[in-house]
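J.: Fold the following, please.
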Amino acid sequence: MSKKKVIISACLLGEYCRYDGKTKKVNEVLEAYRDYEIIPFCPESPLFGTPRERINVLEIGGQNRIITDVTNKDVTQVLEDEITSFIKNNPNVDAIVLKSKSPSCGLKTTPILNEKKETLHRGNGIAAEIFLKSYLNIDIRDENSLI
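T.: Numbering: from 1, shown residues only. Sure, this is the predicted structure:
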């Protein structure tokens, strides 16, 4: 019998993949899924390296765009492509645990900014949004539900 599979934000697993070169390891996540096959996930690190320029979710013309913090480069499409490729390579999973507040992985906790970089409201990061549409009937949560 094969193990159940879980996708977990790589920084929660202790990988040093965050924009600032740090990690956000959460032992409770590792403990909760110790009997699962763990699939680490970080769409930013393979594209932009670690450390890297911070990205934000900006609402522009009614659409969420992923914009680099200093250079104001729109990286939405390249991230969408990376996330879509990841999903194609990992179509069958049983659960997903994402990093709260992340512009990629936040689940209803990511600051959505206006063009002046003022917070408009909280919403989903780009990966969380795509996962919700792609992994129907899968338990998708963030680390806060396990601590």
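
J.: what sits against the nearest residue to C11 once chain neighbours are set aside?
T.: Once flanking residues are discounted, C11 sits nearest to K24: 4.6 Å by CB to CB, 6 or more residues apart in numbering. Placement of C-beta: from N, CA and C, glycine included. Counting by CB atoms under 8 Å, 6 or more residues apart in numbering, K24 touches C11, L12, R18, K99, E143.

J.: most centrally placed residue in this protein?
T.: Residue closest to the average C-alpha location in the chain (CA atoms, centre = their mean): C105, at 2.1 Å.

J.: residues contacting the nearest residue to it once chain neighbours are set aside?
T.: Excluding the flanking residues, the one nearest C105 by CB to CB, 6+ apart is L98, at 3.8 Å. L98 makes contacts with 9, 41, 105-107, 125, 127-128, 131, 140-143, as judged by CB under 8 Å, 6+ apart.

J.: Mean confidence (pLDDT) on stretch 98-105, please.
T.: Stretch 98-105 comes out with an average pLDDT of 98.
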